[in-house]
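Q: Make a model of this:
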Amino acid sequence: MIGRIFRVVRTPVTLLVLFGMLLYGAWWGYTNILRPIPPLPPEPCVDQVVANGQLKSSQVVIRVYNGGDRKGLATDVGRSLRGKGFRVVLTTNTVEKIQKTVIVGADGNNPEVVFVKSFFKEAIVRSDKRVDRTVDVLVGNKYGGFKKDAKTTYQVDTTTLCLPSQSTSPSPALGG
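A: Next up, the predicted model:
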């Protein structure tokens, strides 16, 4: 008697379990197909030759972000930096609200960060331990200004520096 009841109940229970697995698989697939693609990890910096101990502006990769209310400020700053020979790869807005100019790099004492800081009045430095050695310039409502008379080379005490690769794009952007 119990064997007969088990045979009668076994098929519907099996079908319910399989249907539940199908629903779970459909839900899992749907949620994962809608998930954004994760960004690629940043390329690490590459040792590059610094001729005569002079870091050139063309060797520094910069992204400029506008964190203030003035429209087009990042574009204007990016244009000024390009005019000095820097490789500006991005000018856009950031969701972070900025007052004074902020220079963001791997370390506040790195030559590329100090070099970029020398082009801005009243800039502060922030480090974030990034591996690609790009430099971010965040400008905001109290933008101090651009030093047009700053030198386009920076003296370093070494013949090689770890700088962004000349052929790849820099790390993902801050904010949005």
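
Q: Let's verify G78: helix, strand, or coil?
A: The three-state label given to G78 by DSSP: H, G, I helix; E, B strand; the rest coil is helix.

Q: can you give me the strands for the protein?
A: 46-49, 54-56, 61-66, 87-93, 102-105, 124-127, 135-139, 153-155, 160-163 (DSSP state E).

Q: Mind listing the strands the fifth one pairs with, and their directions?
A: Applying DSSP bridges to the sheet, strand 102-105 is found paired with strand 124-127 (parallel), strand 135-139 (antiparallel).

Q: likewise the longest one?
A: The pairing partners recorded for strand 87-93 under DSSP bridges are strand 61-66 (parallel).

Q: Columns mean neighbour count, mean pLDDT and distance to F115 on top of the strands of the chain, output as JSON lines?
A: Placement of C-beta: from N, CA and C, glycine included. Formatted as JSON lines, the strands of the chain follow (neighbours: other CB atoms under 10 Å; pLDDT from 0 to 100; distance: least, CB to CB, whole Å):
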{"stretch": "strand 46-49", "mean neighbour count": "13", "mean pLDDT": "88", "distance to F115": "14"}
{"stretch": "strand 54-56", "mean neighbour count": "16", "mean pLDDT": "92", "distance to F115": "6"}
{"stretch": "strand 61-66", "mean neighbour count": "25", "mean pLDDT": "96", "distance to F115": "10"}
{"stretch": "strand 87-93", "mean neighbour count": "17", "mean pLDDT": "95", "distance to F115": "13"}
{"stretch": "strand 102-105", "mean neighbour count": "23", "mean pLDDT": "95", "distance to F115": "10"}
{"stretch": "strand 124-127", "mean neighbour count": "14", "mean pLDDT": "94", "distance to F115": "12"}
{"stretch": "strand 135-139", "mean neighbour count": "26", "mean pLDDT": "96", "distance to F115": "8"}
{"stretch": "strand 153-155", "mean neighbour count": "16", "mean pLDDT": "92", "distance to F115": "4"}
{"stretch": "strand 160-163", "mean neighbour count": "17", "mean pLDDT": "88", "distance to F115": "10"}
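
Q: Turn these into TSV, including distance to I5.
A: Below are these laid out as TSV (distance: least, CB to CB, whole Å):
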stretch	distance to I5
strand 46-49	72
strand 54-56	83
strand 61-66	70
strand 87-93	68
strand 102-105	70
strand 124-127	71
strand 135-139	70
strand 153-155	85
strand 160-163	74
